[in-house]
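**Student:** Here you go, sequence then predicted model.
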Amino acid sequence: MVNLSVCLSGVPLKNPVIPASGTFGFGYEFAAWYDLNCLGAISCKGTTEQPRFGNPTPRIAECVGGMLNSVGLQNPGVEAVIQGELPRLRQVYHGPVIANVSGFSVEEYARTCQQLNDHADLLEVNISCPNVHEGGMSFGTSPEAAAAVTHAVKAVTTKPVYLKLTPNVTDITAIAKACADAGADGISLINTLLGMRIDTRRRRPILANQMGGLSGPAVFPVAVRMVWQVYEAVKLPIIGMGGVSTAADVVELMLAGATAVQVGAANLVEPCACRSIIDTLPAQLEALGVKDINELIGGAHHG
Ligand code: SIN
């Protein structure tokens, strides 16, 4: 028997596989496809203080090896999430719930996280959305702003706080270190890479918002590189993500330094992607002679 269980800042996960925020709704929608209780945890749809309609359409552009999205943080707002979405999820899923939070000011991040504190097991603070003109990624591209959000959220919450970082920076380690110094319990990375497609017949950008975030298998090597760098830079647990679609990808990202791994765009291609990865993980580990998945974490840095 291979041990698949891992631990994120005191939160036990039966395995390291987590559907990524924004690709799995509030989870319960996927209960029609499979029993969600096989999952390590669920990272819920990004939540803001106020309801948001999101960006104008088109919001999706397909590309080789992935897709661009410019959703713009569409969500029903924190009150509706607490009253409706999370109770619905808890009816069908009994494992750890990660609340993913976005904001447009330091104070708003803190208020929304404070509201969600008693309704989630872990808070994933998204300072990396590339699709909104204020807030979002602007907090994740400056060490000072990233530290300010971290500090404000930690002051009003008791649950582990993980900052979700953007790859759209020159030096991801500077942002990770700023979050760590401000009291972060962990780091999630990577969010999407800013990209663009043009409709050659119309001679106009495909996305109504012009640019969007690239995700899918094309970004996986970038995720491996950045997880590796952050693992070397800070002594915090890492939730790695970016183009993960197989059990072999989970192993690789854990060897780079991730304690747990989120699966994003793959859920949009195949709704049962996370379950398939979990099902194939034991054989993958046995083939590598691994008895405890924790042996993998950061394993490529040693020796
Ligand atoms: C979006 O809602 O635009 C995507 C969220 C994100 O990339 O953080």
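**Tutor:** Happy to help now that I have it. Numbers count the residues shown, from 1 in each chain.
**Student:** my guess is Ser105 meets Gly135, correct?
**Tutor:** Yes. If you go by Cβ atoms under 8 Å, Ser105 and Gly135 touch, sitting 6.9 Å apart. Using the backbone N, CA and C atoms, a C-beta is placed for each residue, glycine as well.
**Student:** which residue of the protein sits farthest from its center?
**Tutor:** Farthest-out residue of the chain from its mean C-alpha position, per Cα atoms, centre = their mean: Arg201, at 35.0 Å.
**Student:** okay, and for this protein, where does confidence drop off?
**Tutor:** Along the chain, segments meeting pLDDT under 70 span 303.
**Student:** picking up where we left off before, backbone phi and psi for the residue farthest from the centre of the chain, please?
**Tutor:** With angles defined as degrees, to the nearest 10, Arg201 sits at phi -80, psi -40.
**Student:** on that earlier part again, with neighbour numbers in mind, choose between Ser105 and Gly135.
**Tutor:** Neighbour comparison, Ser105 and Gly135: the larger count goes to Gly135, with 21 against 15 (by other Cβ atoms under 10 Å).
**Student:** So the more buried one is in contact with Val101, correct?
**Tutor:** No. If you go by Cβ under 8 Å, Gly135 and Val101 don't touch, sitting 11.3 Å apart.
**Student:** Could you pull up the residues touching the residue farthest from the centre of the chain?
**Tutor:** Applying Cβ atoms under 8 Å, 6 or more residues apart in numbering to Arg201 gives no contacts.
**Student:** what helix or strand does the residue of the stretch 201-303 of the chain at minimum distance from the ligand sit in?
**Tutor:** For the stretch 201-303 of the chain and the ligand, the shortest gap (Cβ to the nearest ligand atom) falls at Gly213, measuring 4.8 Å. For Gly213, the element it lies in under DSSP states H and E is strand 211-215.
**Student:** If we go by neighbour counts, what in that strand is buried?
**Tutor:** Neighbour-count burial for strand 211-215 flags 212-215 (criterion: 16 or more other Cβ atoms under 10 Å).
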